[in-house]
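K.L.:
Make a model of this:
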Amino acid sequence: MNLKHSPKGGAGRGLVLLLALLCLPLCLMAGKKDYMKDPKYLLGAVPEVNGIVTFQKSFTVTDKSEQQIYDVLHAYINNSIIGSAIHDKSLQYTRIISEDKAGGSVVARIEEYMVFSKVTFLQLDRTRFRYLLNAEVKGQKVNLTITQISYYYNEDMEGKNGIPYKAEEWITDKVAVNKKGTKLYPRSGKFRRMTVDRVQAIFEGIMDALSTMEVEEQVMTKKRKGIVEE
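P.N.:
Residues are numbered from 1 along each chain as shown. I've put the predicted structure just below:
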């Protein structure tokens with residue numbers, strides 16, 4: 001039978017569509033389960049220093065002077081990290097709070113939106129993500145630190161009545177990973193996953209800005225030149 005010209009064809013297509021819609025939540029749940037048990041986000045993914053959540057990254061730039069490194073670092077923080085946030089007038093706290101060109105340091109306080117899921121403008125699950133970024137250049141060595149992390153979640157349309165969370169009470173191993181260390185807790189897990197990913201993206205972005213990028217054609221992956229990670 002040629003379904004294309006059969007009345008049953010429309011019903012068949014409708015049935016397929018219905019089944020697809022019914023399966024969608026299962027697909028979303030499967031994706032959720034994948035990251036909930038991903039070792040990348042489990043024990044040790046959120047480091048602490050003296051009880052304070054602190055992400056650190058150190059590397060050496062071998063093909064630039066200290067002054068060149070500082071200039072690129074400062075420009076990237078000011079343009080790519082801060083610049084992308086200050087376009088939103090509701091993000092009021094993003095700015096460089098300290099810079100010492102002679103001493104090779106830049107400190108910025110950042111507030112940006114972290115989006116968990118988006119269906120429509122009115123169906124948007126997101127939080128404000130706030131942190132302190134400290135960058136230091138000593139010779140050719142760069143030390144990056146992200147700390148003082150907090151969130152402001154479930155605010156209303158006016159940006160009020162949200163719930164504040166500190167990273168130490170919300171995304172650490174103790175409160176975000178089950179006792180067996182095998183999966184994340186559902187409520188805080190999404191904050192932990194997105195924080196780990198965002199911090200990695202910041203560190204990777206800074207290293208990319210400071211390195212000469214090459215593309216290996218055979219595997220189509222980026223290869224940094226002039227960067228030695230620790």
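K.L.:
contacts and neighbour counts: CA atoms only from here.
P.N.:
Will do.
K.L.:
Tell me which residue is most central in the protein.
P.N.:
If you average the C-alpha coordinates of the chain and look for the closest C-alpha using C-alpha atoms, centre = their mean, you land on R198, 1.5 Å from that point.
K.L.:
so what pLDDT did it get?
P.N.:
With respect to pLDDT, R198 has a value of 97.
K.L.:
Can I take it that it is in a strand?
P.N.:
No: note on R198: no strand contains this position according to DSSP: H, G, I helix; E, B strand; the rest coil, which reports helix.
K.L.:
ok, it to R128 distance?
P.N.:
The gap separating R198 from R128 is 13 Å, by C-alpha to C-alpha, to the nearest Å.
K.L.:
Isn't V106 up against A75?
P.N.:
No: between V106 and A75 there is no contact, the gap being 10.4 Å when judged by C-alpha atoms under 8 Å.
K.L.:
Comparing the two, which residue is more hemmed in?
P.N.:
V106 (22 against 15; other C-alpha atoms under 10 Å).
K.L.:
and the residue nearest to that one when sequence neighbours are not counted, how many residues sit next to it?
P.N.:
Sequence neighbours aside, E99 is the residue nearest to V106 in space, at 4.4 Å (criterion: C-alpha to C-alpha, 6 or more residues apart in numbering). A total of 16 residues lie near E99 under the criterion other C-alpha under 10 Å.
K.L.:
Now do the helix or strand in which E99 is found: which elements does it pack against?
P.N.:
When secondary structure is defined using DSSP states H and E, the element that contains E99 is strand 95-100. Using 3 or more C-alpha pairs under 8 Å, 6 or more residues apart in numbering; DSSP states H and E as the contact criterion, the neighbours of strand 95-100 among helices and strands are strand 105-120.
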